[in-house]
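> predicted structure and sequence below. I'll ask about it afterward.
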Amino acid sequence: MAASGVITSEIAAEELFFGWGELLNGISPYAWAFIGTGLAIGLSVLGAAWGIFITGSSLVGAAIKAPRIRSKNLISVIFCEAVAIYGVIVAIILQTHLDTPDPKVTEVTMTQKFAGYAIFWSGITAGLGNLSCGVCVGICGSGCALADAQDGNLFVKILVIEIFASALGIFAIIVAIIMSTAANFE
């Protein structure tokens, strides 16, 4: 009796397992879109926070040796904060592509799937791009604070490099906007 019970449970388990493709296909396109939008803003804020942590700790440490750099090097923290604002902008743009689903329609169309995946991957692109941008700007800001503490003439030169590092986040925004332009849930 116990042996037949084991066989029955194995057969039942095989019948319930659909596979990864069917599992991912069963997720609503609206869920994909909301997850992508959330990751866009969440990863961007994480990148900004990480950059502020890197820059701020070096700024406080270097300001002990040269107190004159405190206010001047806050521009590095502002550049890091701009990365979070980039994520908010992308999240707002991605939200404009969402429509209220019709409760009478139960089937998901290919257009809705495309729109959900497009918004999801746009959010991933913006989020990961801004995460790496925040870390990059934080490292450049840290170097700027430490170099400015040693020699005041280096501030503007390193600030130019920090501006180029901040351009990574703008590129991520542009790519995310281009990816999401075709997303339409109608």
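Perfect, I can see it now.

> what sits up against stretch 147-164?
62-63, 65-66, 68-69, 72-73, 75-76, 79, 137, 140-141, 143-144 (C-beta atoms under 8 Å, 6 or more residues apart in numbering). (Each C-beta comes from the backbone N, C-alpha and C, glycine too.)

> where in the chain is the helix or strand with the lowest mean pLDDT?
Across the helices and strands of the chain, the lowest-confidence element by mean pLDDT, DSSP states H and E is helix 2-16, at a mean of 55.

> and the host helix or strand of A176, what's buried?
Using DSSP states H and E, A176 sits in helix 155-180. Residues 155, 158-159, 162, 165-166, 168-169, 172-173, 176-177, 179-180 are the ones in helix 155-180 that count as buried (16 or more other C-beta atoms under 10 Å).

> do stretch 20-31 as well
P29, Y30.

> and it, how far out from the chain's middle?
Its chain's C-alpha centre and that of stretch 20-31 lie 21 Å apart, by C-alpha atoms, centre = their mean, to the nearest Å.

> which outside residues touch that stretch?
In contact with stretch 20-31 (C-beta under 8 Å, 6+ apart) are residues F18, L98, P101, V108, Q112, K113, A115, G116, Y117, F185.

> and those, which of them are buried?
Going by neighbour count (16+ other C-beta under 10 Å), the contacts of stretch 20-31 have L98, V108, Q112, K113, A115, G116, Y117, F185 buried.

> and which of these is nearest I54?
Set against I54, the nearest of the buried ones among the contacts of stretch 20-31 by C-beta to C-beta is Y117 (33.6 Å).

> ok, the closest one to K72 distance?
45 Å (C-beta to C-beta, to the nearest Å).
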